[in-house]
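Asker: Starting from these lines, generate the structure:
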Amino acid sequence: MIGDTITDANAAKNAGLPLILVDFGYSAEPVSQLGADRIVSHFSQVPRAIGEILAS
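Answerer: Numbering: from 1, shown residues only. All right, here's what the predicted structure looks like:
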């Protein structure tokens, strides 16, 4: 799952999905504190993040 808030992080956790968070979204909390598998700063980084998650 890709998101930008704690709501997204909780949804991914509850669904048992890996989580990629963007650091340019609307989160009131720092995304680094939300338990993401990967954090990206631009949409162009998403394919690599997905690849890293799948390879782990």
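Asker: what about the helices in the chain?
Answerer: For the chain, the helices defined by DSSP state H occupy 6-15, 46-55.
Asker: between those helices, which one is nearest to Val22?
Answerer: Nearest to Val22, of all the helices of the chain, is helix 46-55, at 8.5 Å by Cβ to Cβ. All C-beta spots, glycine's among them, are computed from the backbone N, C-alpha and C.
Asker: Report the buried residues of that closest one.
Answerer: Counting neighbours by 16 or more other Cβ atoms under 10 Å, one finds that the buried residues in helix 46-55 are Ala49, Ile50.
Asker: Kindly report the same for stretch 4-14.
Answerer: Asp4, Thr5, Ile6, Asp8, Ala9, Ala12.
Asker: what's in contact with it?
Answerer: 1-3, 18-19, 21-22, 24-29, 31, 34-36 (Cβ atoms under 8 Å, 6 or more residues apart in numbering).
Asker: Drop anything exposed from these.
Answerer: Ile2, Gly3, Pro18, Leu19, Leu21, Val22, Ser27, Val31, Leu34, Ala36.
Asker: okay, now Ile39: neighbour count?
Answerer: 16 (other Cβ atoms under 10 Å).
Asker: What residues are bridge-paired with it?
Answerer: Beta-bridge pairing of Ile39 under DSSP bridges involves Leu21.
Asker: of all the buried residues of stretch 4-14, which comes closest to Ser44?
Answerer: Once Cβ to Cβ is applied, the member of those that ends up nearest Ser44 is Asp4, at 16.1 Å.
Asker: Look at Arg38 and say how many residues are nearby.
Answerer: 18.
Asker: And the nearest residue to it once chain neighbours are set aside, how close does it get to Ala28?
Answerer: Closest residue in space to Arg38, ignoring its immediate chain neighbours: Ala49 at 3.9 Å, by Cβ to Cβ, 6 or more residues apart in numbering. Using Cβ to Cβ, to the nearest Å, one gets 23 Å for the distance from Ala49 to Ala28.
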